[in-house]
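Chemist: my questions concern the predicted model and sequence given below.
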Amino acid sequence: MISNFTPEEWDKKTIELGGSILQAWAWGQFQQAMGQKIHRLSDKDFICLAVETDLVMNKKYIYCPRGPLGNLEAALLDLKKLGDDHSIIFSRIEPMQAVNLPRGLKDVQPAIDWALDLEKTEEELLIGMKPKTRYNINLAQRKGVTVREGTAADLITVWQLFMETAGRNKIRLHSQSYYWQMWDHLSSKYLKILIAEYQGVPLAGMFLTLFGDTATYLHGGSSRMSRGAGSGSAGKEAMAPYMLHWEAIKMAKSLGLKQYNFGGVAGASDENHAWAGITRFKKGFGGFEILYPGSFDLIYSPIWYNVYKQGRKLRKILK
């Protein structure tokens, strides 16, 4: 049913059911600010934030990021009712357990996250790292790389770091307004900017979300100089991303959080995966995998769903 929870009740229930920031009330507000229509569905034993996403020919689908949470059978009954709107072709869900539905044509969120147990001491965390990671953190400290918490005035700085990283790795980036709106709707409670600097020069930055007992590395970027590829004194520092995450980990511990989530990584057998480098970096901090069953599609219109599938195949051919 359409939820009658207050924002506080919604977030409390989301946390109780093990949900992430992607099911938080504020995340829904953020999506609305980006022009998306949202649906909040809930009852006593499930919760689901669902976002309408436009397709061609005035068609749409529903996306439930890392959800529904709780009683999946009850949630699916409510999601099926959204199919009464004949412009909606299907709902793509990302539940915590597998369900007897067709697998989604695409996983929106990563199938594997990498996380760190923050209930360990700092010394235990350092011991659990790979020697190279521990060495690089110490090197950055010796060289004088520092990390500070940013403000709204630093949005342009992190945006530029995000753009540089996206260009270097040939990946798509959200629009500038996406990050500005995220800051506007999450920063008062759930979002922090962290920036690693050398002598006042920003070398790496991140958006870190705080929700429930988990800190999550949501978006990040670094300058080529932070990787030792630039010229001048800042280019020699190289280890700013290591220092950035270590300070984020320590901040999360100081706030009493229990887990630090580095976000998505490639599978152990995917040595040629586009994320292979970033996976080695994240795993160097020690930790463990969080496995998800992937996405599933609740189909309302088989005919239009087939058109959607064929359109995706065509786009792949034309790329």
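Modeler: Noted; the coordinates are in hand. Note that the coordinates shown come from a computational prediction; the quantities given were computed from them, not determined experimentally.

Chemist: all contacts plus neighbour counts: C-alpha atoms, from now on.
Modeler: Will do.

Chemist: how about the strands in this protein?
Modeler: In the chain, the segments counted as strands under DSSP state E are 38-43, 46-54, 60-64, 69-70, 88-93, 112-117, 146-149, 191-198, 201-211, 214-222, 259-264, 288-291, 296-299.

Chemist: for those, which one sits closest to Gln23?
Modeler: Closest approach to Gln23 among the strands of the chain is made by strand 46-54 (5.6 Å; Cα to Cα).

Chemist: and that closest one, which strands flank it?
Modeler: strand 38-43 (antiparallel), strand 60-64 (antiparallel), strand 69-70 (antiparallel) (DSSP bridges).

Chemist: centre of the chain to the first one, how far?
Modeler: Using Cα atoms, centre = their mean, to the nearest Å, the mean C-alpha position of strand 38-43 is found 21 Å from that of the whole chain.

Chemist: among the strands paired with strand 46-54, which is nearest Glu197?
Modeler: Short answer: strand 60-64, nearest of the strands paired with strand 46-54 by Cα to Cα, at 36.9 Å.

Chemist: could you tell me the angle between the closest one and strand 88-93?
Modeler: Strand 60-64 and strand 88-93 meet at an angle of 10 degrees, taking axes from the mean of the first three to the mean of the last three Cα atoms, to 10 degrees as the criterion.

Chemist: give the contact list for the residue nearest to Gln29 when sequence neighbours are not counted.
Modeler: Of all residues not flanking Gln29 in the chain, His185 sits nearest, at 6.7 Å (Cα to Cα, 6 or more residues apart in numbering). When contacts are counted by Cα atoms under 8 Å, 6 or more residues apart in numbering, His185 touches Ala26, Trp27, Gln29, Phe30.

Chemist: would you list the strands paired with strand 46-54 in JSON lines and tack on distance to Lys250, mean pLDDT and mean neighbour count?
Modeler: Converted to JSON lines, these look like this (distance: least, Cα to Cα, whole Å; pLDDT from 0 to 100; neighbours: other Cα atoms under 10 Å):
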{"stretch": "strand 38-43", "distance to Lys250": "34", "mean pLDDT": "96", "mean neighbour count": "19"}
{"stretch": "strand 60-64", "distance to Lys250": "31", "mean pLDDT": "97", "mean neighbour count": "22"}
{"stretch": "strand 69-70", "distance to Lys250": "29", "mean pLDDT": "98", "mean neighbour count": "26"}
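
Chemist: how about the longest helix anywhere in the chain: buried residues?
Modeler: The single longest helix within the chain, with elements called by DSSP state H, is helix 302-318. Buried positions in helix 302-318, judged by neighbour count with 16 or more other Cα atoms under 10 Å: Trp304, Tyr305, Tyr308.

Chemist: contacts only, for Cys64.
Modeler: Cys48, Leu49, Ala50, Val51, Ser91, Arg92, Ile93, Glu94.

Chemist: top of those residues by number of neighbours, please.
Modeler: Comparing those by number of neighbours (other Cα atoms under 10 Å), Cys48 comes first, having 31 neighbours.

Chemist: pairing partners for it in the sheet, please.
Modeler: Legend: beta-bridge partners of Cys48 under DSSP bridges are Leu41.

Chemist: quick check: it touching Gln23?
Modeler: Yes: contact status for Cys48 versus Gln23: in contact at 7.0 Å, counting by Cα atoms under 8 Å.

Chemist: what is in contact with those two at once?
Modeler: With Cα under 8 Å, 6+ apart as the test, Cys48 and Gln23 both reach Gly67.

Chemist: tell me the spacing between Gly128 and Ala268.
Modeler: Computed as Cα to Cα, to the nearest Å, the Gly128 to Ala268 distance reads 19 Å.

Chemist: in terms of neighbours, single out the busier of those two.
Modeler: Applying other Cα under 10 Å to Gly128 and Ala268 shows that Gly128 carries more neighbours, namely 16 against 9.

Chemist: could you dump the strands of the chain to a markdown table with distance to Met1?
Modeler: Formatted as a markdown table, the strands of the chain follow (distance: least, Cα to Cα, whole Å):
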| stretch | distance to Met1 |
| --- | --- |
| strand 38-43 | 5 |
| strand 46-54 | 10 |
| strand 60-64 | 15 |
| strand 69-70 | 14 |
| strand 88-93 | 16 |
| strand 112-117 | 31 |
| strand 146-149 | 40 |
| strand 191-198 | 29 |
| strand 201-211 | 25 |
| strand 214-222 | 28 |
| strand 259-264 | 31 |
| strand 288-291 | 29 |
| strand 296-299 | 17 |
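
Chemist: great, nothing more from me.
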